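Student: With the sequence up front, the predicted model follows.
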Amino acid sequence: MKSFENKVAAVTGAGSGIGRALAYRLARQGCHLALADVNAVGLAETAEQARKLGVTVTEARVDVSDRDAVHAWAEQVVKDHGRVNAIFNNAGVAQGGTIEGNDYADYEWIMGINFWGVVYGTKAFLPYLKAAGEGHIVNVSSVFGLFAQPGMSAYNATKFAVRGFTESLRQELDMAGGGVSASCVHPGGIKTNIAKTARMNESMTKLTGQDAEEQRQQFNDQLLRTTPDRAAEVIINGVLRNKRRILIGADAWALDGMQRLMPTFYQRLVVGSMRLAARFAPKKPSKASAPAEQ
């Protein structure tokens, strides 16, 4: 794909963050949109603004962890628009907890959205992309699909899985020699709500010395640097250049380089930095030591 003008793109997680920014940038390039999210309110807001940019927009409340719902949505997209040229499998969630502290349900929940949502979106839309004659599958992994860290095993597992799945997909499409390709996206810290809405359990407090709200706030304040609009710009440019891997943000480039140079030693650096952070984390005063109200 050399242009999005007069094409049709489907975007999951379009109710906020990168998904919303993708919708707006695609619309400005003359691309018609099929938008999906579980948040009907946010989805409606995105769709309303995208229509003002002069393109056709359809919207559907879709839980990407529901295979039948994703396939039904793909079918409806083609009925509504006549074809589809791109699927952006962007919807995702985060979860923090140690392997010992996590329940099986934690892994099942995040796998259903972050990994199976990508698999369902890919398989549901791929036949339609081929039928259109040209198309692109964009699967959003993470910088945590390039390197791992303590307390993020569930999230790491899903994002490493998306990376492996997409790289295999790209090779298969290359061998097939058709007009469809695929890219894997690895964002660093993007200013979205993913940190604020992340599920965390008590095992993370024992690991880091901070409660869940403190961890969310620190992650949001210190690590989320790149705007969703900038992320969308990098993704779209990467797709038009048919890049296999799309890194977003200086942090993603730095961590990718670190993992390449120190494929195992980087783990010691991560552990050391987290131990220091836990040691110097500000401690909340206990109720017993808190000053009495005047």
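Tutor: Perfect, I can see it now.
Student: For the rest of this, base every contact and every neighbour count on C-alpha atoms.
Tutor: Will do.
Student: Find the nearest non-adjacent residue to V84, please.
Tutor: If the residues on either side of it in the chain are set aside, V84 comes closest to V8, at 4.9 Å by Cα to Cα, 6 or more residues apart in numbering.
Student: Next one, pLDDT for the one you found please.
Tutor: Note for V8: predicted pLDDT of 98.
Student: what's across from it in the sheet?
Tutor: With DSSP bridges as the criterion, V8 is bridged to H32.
Student: was I right about it contacting V77?
Tutor: No. Applying Cα atoms under 8 Å, one finds V8 not in contact with V77, separated by 9.1 Å.
Student: and the helix or strand containing A182, which strands flank it?
Tutor: Assessed by DSSP states H and E, A182 sits inside strand 180-187. Taking DSSP bridges as the criterion, strand 180-187 pairs within the sheet with strand 135-140 (parallel), strand 245-248 (parallel).
Student: Quick one: low-confidence residue ranges for the stretch 101-250 of the chain.
Tutor: 191, 193-197, 206, 208-224 (pLDDT under 70).
Student: What ranges does the stretch 1-150 of the chain have for its helices?
Tutor: Ranges of helices in the stretch 1-150 of the chain, per DSSP state H, counting those that start in this stretch, are 17-28, 40-51, 67-81, 104-110, 116-132.
Student: With the stretch 151-294 of the chain instead?
Tutor: Under the criterion DSSP H, counting those that start in this stretch, helices of the stretch 151-294 of the chain are mapped to 153-176, 202-208, 212-222, 228-240, 250-261, 266-279.
Student: Tell me how far L33 lies from L247.
Tutor: 24 Å (Cα to Cα, to the nearest Å).
Student: quick one: which of those two has more around it?
Tutor: L33 (27 against 22; other Cα atoms under 10 Å).
Student: Now that one. Nearest residue, chain neighbours left out?
Tutor: Closest residue in space to L33, ignoring its immediate chain neighbours: V57 at 4.7 Å, by Cα to Cα, 6+ apart.
Student: Surely the one you found is in contact with G30?
Tutor: No. In this structure V57 lies outside contact range of G30 using Cα under 8 Å: 11.3 Å.
Student: neighbour-wise, which of those two wins?
Tutor: A count of neighbours by other Cα under 10 Å puts V57 above the other of V57 and G30, at 24 against 18.
Student: dump the residue contacts of that one.
Tutor: With contacts defined as Cα atoms under 8 Å, 6 or more residues apart in numbering, V57 is in contact with 32-35, 47, 50-51.
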